[in-house]
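*Asks:* sequence unavailable; structure follows:
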């Protein structure tokens, strides 16, 4: 049950974050601060697609595996970026939590736990 809740949470929140990164000035400014303004649209679209993939993975486990792997890699990059730009612990915590959550989803999906 926890696994399913985490999948819906991760998939939904990454999808929403992708939309926010495309449309909201605060998030657009954050991508400038991160040094990724040129890649903002690509990153946002990948987050949206992977977020949907985790949710659609209830019907096709391979989608969960691929999507959670992509999001794990993206969150590792996000955490490294936060460290490099010297964000504090609280600012870096969401990237760490999502990295762990998506890693957990990936490992469980590989083991065939639904």
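*Replies:* Arrived safely, thanks for sending. What you see is a predicted model, and the numbers here were worked out from it, not measured in a lab. Residues are numbered from 1 along each chain as shown.

*Asks:* give me the residue at the spatial middle of the chain.
*Replies:* residue 71 (4.3 Å; CA atoms, centre = their mean).

*Asks:* if I look at that residue, how far off is residue 86?
*Replies:* 24 Å (CB to CB, to the nearest Å). Yep, even glycine has a C-beta here, placed from its N, CA and C like the rest.

*Asks:* cool, residue 95 as well?
*Replies:* Applying CB to CB to residue 95 and residue 86 gives a distance of 14 Å.

*Asks:* of those two, which one has the most company?
*Replies:* residue 95 (20 against 8; other CB atoms under 10 Å).

*Asks:* for residue 50, see how far away the more buried one is.
*Replies:* The value you get for residue 95 to residue 50, if CB to CB is used, is 15 Å.

*Asks:* pull the contacting residues for residue 40.
*Replies:* By CB atoms under 8 Å, 6 or more residues apart in numbering, the contact list for residue 40 reads 21, 22, 28, 31.

*Asks:* could you point out which element follows the helix or strand hosting it?
*Replies:* Per DSSP states H and E, residue 40 falls inside helix 40-56. On the C-terminal side of helix 40-56, the closest following helix or strand by DSSP H and E is helix 61-84.

*Asks:* centre of the chain to that following helix, how far?
*Replies:* 6 Å (CA atoms, centre = their mean, to the nearest Å).

*Asks:* in the very next helix or strand once past it, what's buried?
*Replies:* The helix or strand immediately downstream of helix 61-84 is helix 89-110, counting by DSSP H and E. Neighbour counts over helix 89-110 (16 or more other CB atoms under 10 Å) mark 92, 95, 98, 99, 101, 102, 103, 104, 105, 106, 108, 109 as buried.

*Asks:* against residue 104, how distant is the nearest residue to the fourth one once chain neighbours are set aside?
*Replies:* Here the nearest residue to residue 99 in space, its sequence neighbours aside, is residue 75; by CB to CB, 6 or more residues apart in numbering that works out to 3.7 Å. Distance from residue 75 to residue 104, counting by CB to CB: 12 Å.
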